[in-house]
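Visitor: Predicted structure and sequence below. I'll ask about it afterward.
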Amino acid sequence: MQITRFHIITQKIPTKYYPLLNELQLEAGKIWSDSLNLFFELFKQTGKAPKKSQIQKLVKSSLLHSQTTQAIQDRLFGALKSYFKNKKQNPSAKPPKPRKFYNLIWKNQAIRYKNGKILLPLSRKSGITLSIPLRKRKREYLEELLSSRAKIRQAEIVFKGFEYRLILLVKETVEISPPDRNKVVALDLGEIHPFVSFDGEEVLIWNGRLLRSYKQLRLKLIALKQKLLARKQKGSRRWKKIKRSLDRQIVKVGRKIEDLEHKLTRAFVKYCKAKGIGTVVIGKLKGIRERAKYGKNANQKIHLMWRFNKLLQKLGYKLENEGIVVVKEDESYTTQLCPKCGNRHKPKNRNYVCPACGFSYHRDGVGAINLFRRFMEKVSGSFNLPVDGLTRPRGVKYSPSSSGWVLPTLRNPLL
């Protein structure tokens, strides 16, 4: 089975390039804004949307590489396409906005790798080429990929967290043995426990307490920042000092959250590979925030702390890289239906106890079991899952010593 894998390599850019990058991102923002204004100007005159090639002929840059200009305009037309599509359903949808700054993008033809450095040219007129050295570990990883006939497809420079970062997208085509599609695991997503999985035999609760604590810390820092800034004159030296200090702390905690989410999703993918799983069933969560009508604290958790889209994005491409199929299934009432007798009962705490038959289990585990059953019934028509013999769910928690999620009962890393 041949699959395409995409690898992302990030690298901090030396500070000596910052003045030039500020100027380049300002130019990129001008390309975006000029192309956007010209698009609507021509659209207003002719009544038809102009073609991308027409905009590219009229809007050019004497500073940026021609492919950088084209890549920015490609993204602009992607945003415009989404806007016109959404406007058919929602007349109040707003078009893309002009930008003062924009990310710098290079396509694969303009990117070179030489002697441990990424070479990114600007326009021929400027004669400037950015030479960004890679750290030893990143350099070895990239060279290993390139030796296996992988190719750098895109390079992007973004400003994030008070620093410029280079993001490389590397495409690799590999041959793997196809996983068994009949081996299924259901994944119930939650705010306290990010993952609760059931593979037809056992329930694993992937503990998210550490991840949750960082999210809470981030919200507290944001609240503290707002409180302290409200007491100072906006724009004063003290106001700027407080804002700069707390912004850095917020960004630092945000990086820890990103790191833990990557480790969690990577651990789950390796668990699927070890089990030979070929299909992962995930509940559909679209519109859950709009439907959330709980108490103040519960709504705050759903809106501010639960980053399920971020997790699903990270999990999705990692599973795809291993040839594992992701299926989205309706998860309505999965935590309320008794897996044994089918009675519907809404639990008031983390433990589910059926008032009809007395079946007792972890609430999120019940959700994963019902999600698994619902998918199997749809595939096979009828499915019998005896739940009386189920063992109690096992916890999988993060261990700093092993830098990953582990099963405490096994005393060794799950990875």
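Guide: Looks like it came in fine.
Visitor: how near is the residue nearest to Cys357 when sequence neighbours are not counted to Pro347?
Guide: Sequence neighbours aside, Cys341 is the residue nearest to Cys357 in space, at 4.3 Å (criterion: CB to CB, 6 or more residues apart in numbering). In this view, the C-beta of every residue, glycine as well, is placed from N, C-alpha and C. Spatial separation of Cys341 from Pro347 under the definition CB to CB, to the nearest Å is 15 Å.
Visitor: Compare those two (neighbour count), which wins?
Guide: Here Cys341 and Pro347 are compared on neighbour count by other CB atoms under 10 Å; more neighbours surround Pro347, at 15 against 12.
Visitor: Model confidence score at the more buried one, please.
Guide: What the model reports as pLDDT for Pro347 is 86.
Visitor: List the residues that contact it.
Guide: Taking CB atoms under 8 Å, 6 or more residues apart in numbering as the criterion, Pro347 is in contact with 335-336, 353, 363.
Visitor: Tell me where the protein has helices.
Guide: Chain-ordered helices for the chain, with DSSP state H as the definition, fall at 18-46, 52-58, 66-89, 136-147, 209-230, 237-275, 288-291, 296-300, 308-321, 363-380.
Visitor: Of the ones you listed, which is nearest Gln11?
Guide: helix 136-147 (5.6 Å; CB to CB).
Visitor: For stretch 215-224, buried residues please.
Guide: 215, 218, 221-222 (16 or more other CB atoms under 10 Å).
Visitor: Output that stretch as CSV, nothing but the C-alphas.
Guide: As requested, the backbone C-alpha atoms of stretch 215-224 are provided in CSV (Å, rounded to 0.1, in the frame of the first residue of the first chain):
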residue,chain,number,x,y,z
LYS,A,215,-5.2,25.4,29.9
GLN,A,216,-6.4,26.7,33.2
LEU,A,217,-3.1,28.5,33.8
ARG,A,218,-3.3,30.1,30.4
LEU,A,219,-6.8,31.5,31.2
LYS,A,220,-5.6,32.8,34.6
LEU,A,221,-2.7,34.6,33.0
ILE,A,222,-5.1,36.2,30.4
ALA,A,223,-7.4,37.3,33.2
LEU,A,224,-4.5,38.7,35.2
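Visitor: Neighbour-wise, give me the winner out of the contacts of Pro347.
Guide: Ranked by neighbour count under the definition other CB under 10 Å, the contacts of Pro347 are headed by Thr335 with 23 neighbours.
Visitor: Can you tell me the closest non-neighbouring residue to that one?
Guide: Closest residue in space to Thr335, ignoring its immediate chain neighbours: Gly367 at 4.1 Å, by CB to CB, 6+ apart.
Visitor: State the distance from the one you found to Ser382.
Guide: In this view, Gly367 and Ser382 are 21 Å apart by CB to CB.
Visitor: do the same with Arg218
Guide: From Arg218 to Ser382 the distance is 47 Å (CB to CB).
Visitor: What of Ile72?
Guide: The spacing between Ile72 and Ser382, counted by CB to CB, is 54 Å.
Visitor: on that earlier part again, out of Gly367 and Ser382, which sits in the busier spot?
Guide: Taking other CB under 10 Å, Gly367 and Ser382 do not tie; Gly367 has more neighbours (27 against 6).
Visitor: My understanding was that that one contacts Ser332; is that so?
Guide: No: no contact is recorded between Gly367 and Ser332 when judged using CB atoms under 8 Å, the distance being 10.7 Å.
Visitor: Okay then, goodbye and thanks.
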